[in-house]
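Asks: structure, please.
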Amino acid sequence: MDALPLNLTVNGRTRTLAVDASATLLDVLRERLQLTGTKKGCDHGQCGACTVLVDGRRVNSCLTLAVMQDGRSITTIEGLAEGDVLHDLQRAFVEHDAFQCGYCTPGQICSAVGLIGEGHADTPRHGEAGSDGELRNVIREFMSGNLCRCGAYTNIVDAIMQVLQERGRT
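Replies: Numbering: from 1, shown residues only. The predicted model follows:
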């Protein structure tokens, strides 16, 4: 099969590639663009290790064909920091020890960026509106697609809560 043209903006840089129609976004990022921060976990969309942002929204990159993202903006874990300055969620993950082995961390952080950017942490959905416990439940619900085999969930929620507080959103 002939390769198809693909134009992406990845971490702010325009990239033009020719890819096989069956290539996943994950494989293009890792194998063609050498952006190995995004992890291949289950390869079935069940673990969230491959989460990236497509036009600011969370996507399991193992489940989407690269050609379906033509013309879109992709942000990976490598694109969050600005030089040596960590993104506030990256910093909070370090401060709260929100990782152990670290394998799921890139997907967790990208998912947390998406959760905040998509506004899910701004609108409590159950129980006492605006309570700390309610917000933690909302975060847990919207992060449930990202698995951590080491069990750092409490620290992950704490890191996200810290960033929300620093941004004045709690």
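
Asks: find the centremost residue of this structure, please.
Replies: With distances taken as Cα atoms, centre = their mean, the residue of the chain nearest its centroid is Cys110 (2.0 Å).

Asks: surely that residue touches Leu53?
Replies: Yes - taking contacts as Cβ atoms under 8 Å, Cys110 lies within contact range of Leu53: 5.7 Å. In this view, the C-beta of every residue, glycine as well, is placed from N, C-alpha and C.

Asks: so who does the residue nearest to the centre of the chain touch?
Replies: With contacts taken as Cβ atoms under 8 Å, 6 or more residues apart in numbering, Cys110 has the following neighbours: Thr38, Thr51, Val52, Leu53, Arg58, Thr75, Thr76, Ile77, Leu80.

Asks: kindly report the same for Ile160.
Replies: For Ile160, the residues meeting the contact criterion (Cβ under 8 Å, 6+ apart) are Leu89, Ala92, Ala112, Leu115, Ile116, Ala121, Ile139, Met143.

Asks: just the buried residues of stretch 9-20, please?
Replies: The neighbour-count check on stretch 9-20 (16 or more other Cβ atoms under 10 Å) flags Val10, Asn11, Leu17, Val19 as buried.

Asks: closest to Leu4 among these?
Replies: Checking these against Leu4 with Cβ to Cβ, the nearest one is Val19 at 6.0 Å.

Asks: now stretch 60-77: average pLDDT?
Replies: For stretch 60-77, the mean per-residue pLDDT is 98.

Asks: what residues of that stretch count as buried?
Replies: Of the residues in stretch 60-77, 60-62, 64-67, 69, 72-77 count as buried by neighbour count, 16+ other Cβ under 10 Å.

Asks: and that stretch, how far out from the chain's middle?
Replies: When C-alpha coordinates are averaged (Cα atoms, centre = their mean, to the nearest Å), stretch 60-77 and its chain have centres 12 Å apart.

Asks: can you count the residues close to the residue lying closest to Gly107 once chain neighbours are set aside?
Replies: Using Cβ to Cβ, 6 or more residues apart in numbering and skipping the chain neighbours, the partner closest in space to Gly107 is Thr51 (3.9 Å). Applying other Cβ atoms under 10 Å, we find 31 other residues in the vicinity of Thr51.

Asks: Thr51: what's it in contact with?
Replies: Counting by Cβ under 8 Å, 6+ apart, Thr51 touches 38, 58-61, 106-108, 110-111, 114, 145-146.
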